[in-house]
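Engineer: Compute the structure for the input listed below.
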Amino acid sequence: MVTAPQEAQSNAVPATPEPIDFTWRSSDGLQLYGQDWRPTDTAPGNTNPPILCLPGLSRNSRDFNDIAQFLQSKHYRVVALDYRGRGKSDWDKDWRNYALPVEENDIALAIEELGLGRFAVLGTSRGGLHALAMTFRFPADRMAGVIFNDIGPHIEMKAIHRIAATLGRNMKTNSMEEVARNLERTIGQQFPSFGRKEWLKLAGQLASEHDGEFVMDYDPALAHQLASLDDATPAPDLWPLYERLTDRPILILHGEHSDLLSHETCVRMLQMHPNAQLQTIQGQGHAPVLWESDTHEAIGSFLKRL
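Structural biologist: I've put the predicted structure just below:
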């Protein structure tokens, strides 16, 4: 059962500019967390599908705050989830459960318990992989469209090795400034246009204060998921999953400097899909932060087609 914190439950107005925090239980008993942005216009004539936002590997629902506020203003309901071991969701005692099939079951439970009938998915990186797999559970009359945020059916393994080299490290710092510096040092080449303001904003999405320390909001045991990869590990072939999406519209957001999603993969995605669009995010790499008005407008225009 999906439950809201007491302060949300006591609010007499279900539609609010602020997101409603909610939790749900996984099949193995973990308490998982999400945010629910309700449109202020709840008129019966509003047929906009809810937007389900799924974050990247070590990321959380805060990544979607900006785009959620924009879409809420356009009368969309936006739901963003924290996977197990990320954000405010419980950590799993067994790191092997930080696996795509387990998370897919968690996502499916949230969808059903929230009562999302027909919806669209905005998936950043790992979230886009979930969207590919979700075609087996949710046909086009349920999952009406997908926005891939810098992810596709072919993954450049050099990016996975880069991520694996830093995942689970520098988990605690003494200030948010230090979090920002660590991010700039590790992913600065992906975001060459970022200044201090942008790095601090990103740091606030990825870390929070606990007992005077600033801690990255994910279980460091997540790093075990990538530890076995080496230079000989091939990229998974996800093109058959992508073909299952040709019956619904998709939007591809591609970071100009991305080392995970190549231009060649984007071109092939467009060639294979009769109803696909590509939006390149200038000055950003993996994965675009979804803060800019141009990106918001591109997403909003795409959703009007659903």
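Engineer: residue nearest the centroid of the protein?
Structural biologist: In the chain, the residue lying closest to the centroid (C-alpha atoms, centre = their mean) is P55, at 1.9 Å.
Engineer: quick one: that one from P249, how far?
Structural biologist: As for P55, its distance to P249 is 22 Å (criterion: C-beta to C-beta, to the nearest Å). C-beta: built from backbone N, CA, C; applies to glycine.
Engineer: host element of the closest residue to G283 other than its chain neighbours?
Structural biologist: Distances taken as C-beta to C-beta, 6 or more residues apart in numbering place S193 nearest to G283, at 3.9 Å, with adjacent residues excluded. Using DSSP states H and E, S193 falls within no helix or strand.
Engineer: N65 - that's part of a strand, no?
Structural biologist: No. Per DSSP: H, G, I helix; E, B strand; the rest coil, N65 lies outside any strand segment and is helix.
Engineer: Now for it: which residues touch it?
Structural biologist: Q205 (C-beta atoms under 8 Å, 6 or more residues apart in numbering).
Engineer: Need the pLDDT of it.
Structural biologist: With respect to pLDDT, N65 has a value of 97.
Engineer: Over to Q6?
Structural biologist: 40.
Engineer: swap in the one 3 residues further on?
Structural biologist: Turning to Q9, the model gives it a pLDDT of 37.
Engineer: Quick one: the helices in the stretch 101-250 of the chain, in order.
Structural biologist: Applying DSSP state H, counting those that start in this stretch to the stretch 101-250 of the chain gives helices spanning 126-133, 157-166, 176-187, 196-206, 224-227, 239-243.
Engineer: And the ones you listed: which comes nearest D294?
Structural biologist: helix 196-206 (15.6 Å; C-beta to C-beta).
Engineer: Show me what that closest one is packed up against.
Structural biologist: Applying 3 or more C-beta pairs under 8 Å, 6 or more residues apart in numbering; DSSP states H and E, we find helix 196-206 packed against helix 176-187.
Engineer: Not counting the helix it packs on itself, show me its contacts.
Structural biologist: Outside of helix 176-187, the residues within contact range by C-beta under 8 Å, 6+ apart are 166, 170, 173, 194, 196, 199-200, 202-204, 206-207, 209, 214, 216, 285-286.
Engineer: is it true that the residue nearest to the centre of the chain touches L129?
Structural biologist: No. P55 is beyond contact range of L129, at 11.6 Å (criterion: C-beta atoms under 8 Å).
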